[in-house]
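Undergrad: the amino acid sequence is not available; the structure is as follows:
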């Protein structure tokens with residue numbers, strides 16, 4: 001595979017001390033980050049979290065979106081893997097570029113996912129492993145830095161991100177964490193998603209394949225029950241039995257909560273993945289549902305600064321939805337930060353849904369109040385500075 005000199009230079013950085021090793025992924029340069037419980041693959045070009053597995057899982061099944069893996073499962077030759085896979089970051093920009101931005105070379109979903117990331121450091125200290133990546137965004141004149149930490153004995157990955165403004169003026173920015181799961185972990189009528197939404201809305205402008213959208217545009221609803229175009233009612237926590245549809249909604253996280261969450265549970269496999277974040281940093285979870293007839297189902301749980309992935313002009317001109325801003329300010333010559341964690345583990349037998357996720361006393365507590373099932377994970381690092 002041919003890589004740019006910049007990408008090769010980034011990949012040549014020392015990876016350090018066992019926690020982090022070079023491990024190509026689908027023909028791309030990548031790093032494997034691991035502790036005694038989890039293995040996370042981070043792609044060198046674009047920084048996507050491409051693969052996540054539990055070390056004790058004999059199937060080594062990753063819940064994260066992998067177009068190449070799904071193609072092989074269908075007996076097809078995988079196409080070239082791009083930057084849209086797994087969990088990738090959209091910054092600065094989340095959505096398509098304007099015609100003028102396209103002429104200037106600014107890609108959709110921002111520059112960060114298309115540029116080589118440098119490894120700034122990799123270290124271990126008292127059972128905590130830390131890797132620091134960064135990428136300079138030349139078109140928007142920003143620097144994005146991402147710190148990933150794993151603690152021995154924990155099924156949790158901690159992520160801190162900083163966005164630095166190199167310009168001498170305040171500016172609104174668009175930032176989305178495009179966390180995406182796919183088949184076979186995402187299974188029709190089996191796998192369920194949950195989050196603490198207080199208000200929800202269908203996309204006002206069904207952009208691609210509008211004929212496949214089940215939902216009427218721009219309609220508010222109460223998560224997870226949606227009235228479809230034909231007047232029927234559907235609970236959209238699960239993938240529907242009938243495929244060949246695609247939809248997009250936004251969900252405002254409860255602002256009174258210290259932490260919000262988005263979880264994906266496969267009760268049949270007894271596996272659960274989840275993201276925990278602060279609603280004042282990421283007020284919105286965009287729910288992208290893409291369910292083609294070939295069964296390669298994909299679902300994005302995209303926690304973000306804006307309710308829909310649209311050009312920055314549109315997001316900023318909207319200003320707010322449900323009284324909550326649709327962008328975030330980045331002051332002149334300054335940095336803003338955000339934190340989230342990812343957990344991935346076995347679920348208790350009989351757990352069917354997630355009604356609560358909370359961090360307290362160094363523990364991550366996941367509850368299914370309907371069945372009374374509870375999952376408690378060690379989570380020793382805070383999500384606050």
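TA: Nice, thanks for sending it over. Bear in mind that the values here come from a model prediction, so they are computed numbers and not experimental data.
Undergrad: helices or strands up against the helix or strand hosting residue 276?
TA: Element membership of residue 276 [criterion: DSSP states H and E] is strand 271-277. Applying 3 or more CB pairs under 8 Å, 6 or more residues apart in numbering; DSSP states H and E, we find strand 271-277 packed against strand 175-182, strand 260-266, strand 298-304, strand 335-346, strand 356-360, strand 363-368. Quick note: C-beta positions are derived from backbone N, CA and C, even for glycine.
Undergrad: could those strands go into a markdown table alongside mean pLDDT, distance to residue 150 and mean neighbour count?
TA: Listed next are the helices and strands packed on strand 271-277 as a markdown table, based on pLDDT from 0 to 100; distance: least, CB to CB, whole Å; neighbours: other CB atoms under 10 Å:
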| stretch | mean pLDDT | distance to residue 150 | mean neighbour count |
| --- | --- | --- | --- |
| strand 175-182 | 98 | 17 | 25 |
| strand 260-266 | 98 | 19 | 24 |
| strand 298-304 | 98 | 21 | 25 |
| strand 335-346 | 98 | 10 | 19 |
| strand 356-360 | 97 | 17 | 16 |
| strand 363-368 | 98 | 14 | 19 |
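Undergrad: and those as TSV, adding distance to residue 193?
TA: TSV is the format used below for these (distance: least, CB to CB, whole Å):
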stretch	distance to residue 193
strand 175-182	8
strand 260-266	5
strand 298-304	6
strand 335-346	15
strand 356-360	13
strand 363-368	14
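Undergrad: so which of those comes closest to residue 241?
TA: Nearest of the helices and strands packed on strand 271-277 to residue 241, taken as CB to CB: strand 298-304 at 15.2 Å.
Undergrad: contacts for that closest one next, please.
TA: 65, 90, 94, 174-183, 186, 193, 195, 239, 253, 260, 262, 264, 275, 277, 282, 284-291, 309, 340 (CB atoms under 8 Å, 6 or more residues apart in numbering).
Undergrad: can you confirm residue 255 is in a helix?
TA: No. Under DSSP: H, G, I helix; E, B strand; the rest coil, residue 255 sits outside any helix and is assigned coil.
Undergrad: you'd agree residue 133 is up against residue 118?
TA: Yes. Residue 133 is in contact with residue 118 according to CB atoms under 8 Å; the separation is 6.7 Å.
Undergrad: who has more neighbours, the two?
TA: Set residue 133 next to residue 118 and count neighbours by other CB atoms under 10 Å: residue 133 wins out with 22 against 18.
Undergrad: element containing the more buried one, please.
TA: With DSSP H and E as criterion, residue 133 is part of strand 128-137.
Undergrad: quick one, what contacts residue 93?
TA: With CB under 8 Å, 6+ apart, residue 93 has these contacts: 106, 107, 108, 109, 110, 111, 140, 174, 312.
Undergrad: for the helices and strands packed on strand 271-277, which one sits closest to residue 231?
TA: So among the helices and strands packed on strand 271-277, strand 298-304 is nearest, using CB to CB, at 24.4 Å.
Undergrad: beyond that closest one, next helix or strand please.
TA: helix 312-318.
Undergrad: name the residues that touch the helix or strand just after that following helix?
TA: Per DSSP H and E, the first helix or strand lying C-terminal to helix 312-318 is strand 320-321. Strand 320-321 is contacted from outside by 201, 250, 252, 307, 326, using CB under 8 Å, 6+ apart.
Undergrad: would you map the helices across this protein?
TA: Using DSSP state H, the helices assigned to the chain run over residues 5-11, 67-73, 99-103, 312-318.
Undergrad: so where's the stretch 51-200 of the chain uncertain?
TA: For the stretch 51-200 of the chain, residues meeting the criterion pLDDT under 70 lie at 80-81.
Undergrad: and of the helices and strands packed on strand 271-277, who's closest to residue 24?
TA: Nearest of the helices and strands packed on strand 271-277 (CB to CB): strand 175-182, 20.7 Å.
Undergrad: quick one: that closest one to strand 298-304, angle?
TA: 160 degrees (axes from the mean of the first three to the mean of the last three CA atoms, to 10 degrees).
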